[in-house]
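**Q** quick one, fold the following:
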Amino acid sequence: MEKEMLAIVFFKQGEGLFEKFMGFMQSEDGIGERKKFAHVEKTLPSVSPMKKYVMFKVHVYDEQGMIEFCAGRNPIAKSTWEECIDHVQLYELNTTNLG
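**A** Numbers count the residues shown, from 1 in each chain. Below is the predicted model of the structure:
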């Protein structure tokens with residue numbers, strides 16, 4: 001079952017970590033790994049003004065794969081996570097009826 005999730009990715013302190021992380025996420029390897037658990041073409045990114053964190057609204061079809069990726073346990077992403085990421089907060093999103 002597909003669900004929408006919000007991932008907030010906080011960077012370690014240092015220069016160029018945002019650029020390195022985003023470079024990986026947009027690379028063939030990054031896209032290939034994300035395609036294993038989510039619809040990459042539906043992902044909506046947002047960047048904080050100081051580039052201290054990024055947010056991604058993700059359409060996920062393999063929740064455990066998303067959790068493993070966000071926890072830094074994906075073998076392809078592991079080195080980027082260890083260098084760039086302080087921590088990730090992951091939320092499941094629910095639609096609220098406004099009518």
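
**Q** can you tell me the helix or strand for His59?
**A** Counting by DSSP states H and E, the element that carries His59 is strand 53-60.

**Q** which is the succeeding secondary structure element to that strand?
**A** Next along from strand 53-60, by DSSP H and E: helix 63-70.

**Q** buried sites along that following helix?
**A** Residues of helix 63-70 classed as buried: 63, 65-66, 68-70 (neighbour count, 16 or more other Cβ atoms under 10 Å). To be clear about C-beta, it is placed using only N, CA and C from the backbone, and glycine gets the same treatment.

**Q** out of these, which is nearest to Ala7?
**A** Checking the buried residues of helix 63-70 against Ala7 with Cβ to Cβ, the nearest one is Cys70 at 5.6 Å.

**Q** mind checking how far the closest one is from Thr96?
**A** Going from Cys70 to Thr96 by Cβ to Cβ, to the nearest Å gives 24 Å.

**Q** and Glu82, by the same measure?
**A** 37 Å.

**Q** starting at the chain centroid, how far to the strand holding His59?
**A** How far strand 53-60 lies from its chain's middle: 5 Å, per Cα atoms, centre = their mean, to the nearest Å.

**Q** please save the CA atoms from it in PDB.
**A** The C-alpha coordinates for strand 53-60 follow below in PDB (Å, rounded to 0.1, in the frame of the first residue of the first chain):
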ATOM      1  CA  TYR A  53      18.100  20.700   6.600                       C
ATOM      2  CA  VAL A  54      15.900  19.500   3.700                       C
ATOM      3  CA  MET A  55      12.400  18.100   3.700                       C
ATOM      4  CA  PHE A  56      11.000  15.500   1.300                       C
ATOM      5  CA  LYS A  57       7.400  14.600   0.900                       C
ATOM      6  CA  VAL A  58       7.700  11.000  -0.500                       C
ATOM      7  CA  HIS A  59       5.200   8.600  -2.000                       C
ATOM      8  CA  VAL A  60       6.400   5.300  -0.400                       C
END
